[in-house]
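Novice: make a model of this:
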Amino acid sequence: MKVGQLREMNEIELKTRLDENLDALQNLKFQQALQQLEDATMIGKTKKEIAQIKTVIHEYKLGIRGTKDNNA
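Specialist: Model (predicted):
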């Protein structure tokens, strides 16, 4: 997912996405340990997306990125 798409999401969606990616990363590492992982680059890509999501969430906390109203 691109950073622009992440910045369009609200905090709740970001936190949900973060939880999904953390679970996916855990599963990928488990598959790697069992030598069942076909695409080893997925671990790096998942870590990168987790970092991007955490950055956007931190921007919300700092007030850099204001909360969006979904009613508009």
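
Novice: can I get stretch 54-70 as CSV, trimmed to CA atoms?
Specialist: Backbone C-alpha positions of stretch 54-70 (Å, rounded to 0.1, in the frame of the first residue of the first chain) are rendered in CSV as follows:
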residue,chain,number,x,y,z
LYS,A,54,3.3,3.8,12.6
THR,A,55,4.6,7.0,11.2
VAL,A,56,1.2,8.2,10.1
ILE,A,57,-0.3,7.2,13.5
HIS,A,58,2.4,9.2,15.2
GLU,A,59,1.6,12.2,12.9
TYR,A,60,-2.0,12.1,14.3
LYS,A,61,-0.7,12.0,17.8
LEU,A,62,1.6,15.0,17.2
GLY,A,63,-1.2,17.0,15.6
ILE,A,64,0.5,17.2,12.2
ARG,A,65,-2.3,15.3,10.7
GLY,A,66,-5.8,16.4,11.8
THR,A,67,-8.6,14.0,12.3
LYS,A,68,-10.9,13.6,9.4
ASP,A,69,-14.7,13.7,9.5
ASN,A,70,-16.2,10.8,7.6
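
Novice: may I see the buried residues of it?
Specialist: For stretch 54-70, a neighbour-count test (16 or more other Cβ atoms under 10 Å) marks V56, I57 as buried. From N, CA and C alone the C-beta is placed, and that goes for glycine too.

Novice: avg pLDDT for that stretch?
Specialist: For stretch 54-70, mean pLDDT rounds to 80.

Novice: which residues touch it?
Specialist: For stretch 54-70, the surrounding residues in contact (Cβ atoms under 8 Å, 6 or more residues apart in numbering) are V3, L6, R7, M9, N10, E11, L14, K15, L18.
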